[in-house]
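Got a sequence here, can you model it:
(2 chains)
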Amino acid sequence: DVKVTQSSRYLVKRTGEKVFLECVQDMDHENMFWYRQDPGLGLRLIYFSYDVKMKEKGDIPEGYSVSREKKERFSLILESASTNQTSMYLCASSSPLTGGETQYFGPGTRLLVL
Amino acid sequence: GNSVTQMEGPVTLSEEAFLTINCTYTATGYPSLFWYVQYPGEGLQLLLKATKADDKGSNKGFEATYRKETTSFHLEKGSVQVSDSAVYFCALSELRTGTASKLTFGTGTRLQVTL
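Have a look, this model is predicted:
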């Protein structure tokens, strides 16, 4: 089974802090994704990566950056956290070689910015 | 661009009732269609998918048929259980070469099943 893990289930940070959310997958997937989930808005794509060191902006990249130094790990960075970034953050991975377009999700990190 | 519209929730049903959650989509090409489920406190899990017109996806008693003529992918289950209480997301993906295929999600429909 594909396993996607996220470093924290719950996180509380202060406005202006730099925040790192980590995601690791164990299935050698090429593609990894970061979403945020908000009530009434569904899931919105922040950034994704289709290879090591390769990244593309999603629909709402403002205020975020990402890093993918190793194939299994994809980090989401909030350069200066703001209260409007309080949300549930979900990581996912996929591979065109196994499962095609199907994405496999981690359990999520619920971030509260005070 | 691509978009997915699904029925507003919450949907409240008694156990053993019939479930339909409507989903329609707009896409420029020929997307694959998905239903994901999110149980309380968890991430999303793939429930079922269909990759071409007239395909039927099925899993755990849930079904959905890819209807190109009505651009729909409605989720159905004949007899729901309390354990089906969750949020259900409809999504589409269009295959892209040279980069990752992205999913476009609906806003989710919360299902509450009572005894």
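
Can you read off the pLDDT for residue 24?
The chain I'm using is chain A. At A:Val24, the predicted lDDT confidence score is 97.

should've been chain B
Among the per-residue scores, B:Thr24 holds a pLDDT of 97.

Chain A versus B:Trp35, what's the distance?
12 Å (CB to the nearest CB, to the nearest Å). Where you see a C-beta, it was placed from the backbone N, CA and C, and this is true even at glycine.

go on, B:Leu75?
B:Leu75 is 15 Å from chain A, by CB to the nearest CB.

Is that residue in contact with B:Gly61, as I believe?
No. If you go by CB atoms under 8 Å, B:Leu75 and B:Gly61 don't touch, sitting 11.0 Å apart.

neighbour-wise, which of those two wins?
B:Leu75 (24 against 13; other CB atoms under 10 Å in any protein chain shown).

Which strand residues bridge that one?
Going by DSSP bridges, B:Leu75 is paired in beta bridges with B:Ile21, B:Ala64.

residues touching it, list them.
Residues in contact with B:Leu75, defined by CB atoms under 8 Å, 6 or more residues apart in numbering or on different chains, are B:Leu19, B:Thr20, B:Ile21, B:Cys23, B:Trp35, B:Leu47, B:Phe62, B:Glu63, B:Ala64, B:Tyr88, B:Cys90.

How about A:Leu76?
Under the criterion of CB under 8 Å, 6+ apart, the neighbours of A:Leu76 are A:Phe20, A:Leu21, A:Cys23, A:Trp34, A:Ile46, A:Tyr47, A:Tyr64, A:Ser65, A:Val66, A:Tyr89, A:Cys91.

Compare these and tell me which has the most neighbours.
For the contacts of A:Leu76, neighbours were counted using other CB under 10 Å, and A:Cys91 has the most, 28 neighbours in all.

Neighbours of the closest residue to B:Lys52 other than its chain neighbours, how many?
Ranked by CB to CB, 6 or more residues apart in numbering or on different chains and with sequence neighbours excluded, the top spatial neighbour of B:Lys52 is B:Tyr66, at 6.6 Å. Burial measure for B:Tyr66: 21 neighbouring residues, criterion other CB under 10 Å.

And B:Tyr66, how close does it get to chain A?
The spacing between B:Tyr66 and chain A, counted by CB to the nearest CB, is 14 Å.

That residue contacts B:Asp55, doesn't it?
Yes. Using CB under 8 Å, B:Tyr66 is in contact with B:Asp55, at 4.8 Å.

Could you list the low-pLDDT ranges of chain B?
Confidence mapping of chain B against pLDDT under 70 gives the ranges B:97-98.

Tell me the residues on it that lie near chain A, please.
In this structure, chain B approaches chain A at residues B:32, B:34, B:36, B:41-46, B:49, B:51, B:89, B:93, B:95, B:99-103, B:105-108, judged by CB under 8 Å from any CB of the partner chain.

Tell me where chain B has strands.
Under the criterion DSSP state E, strands of chain B are mapped to B:3-6, B:11-14, B:19-21, B:23-26, B:32-38, B:44-50, B:56-59, B:62-65, B:75-77, B:86-93, B:103-105, B:109-114.

Could you export the fourth one as CSV, CA atoms only?
What that stands for is strand B:23-26. As requested, the backbone C-alpha atoms of strand B:23-26 are provided in CSV (Å, rounded to 0.1, in the frame of the first residue of the first chain):
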residue,chain,number,x,y,z
CYS,B,23,-21.6,15.7,-9.6
THR,B,24,-21.2,17.6,-12.9
TYR,B,25,-18.0,18.7,-14.6
THR,B,26,-16.7,21.1,-17.2
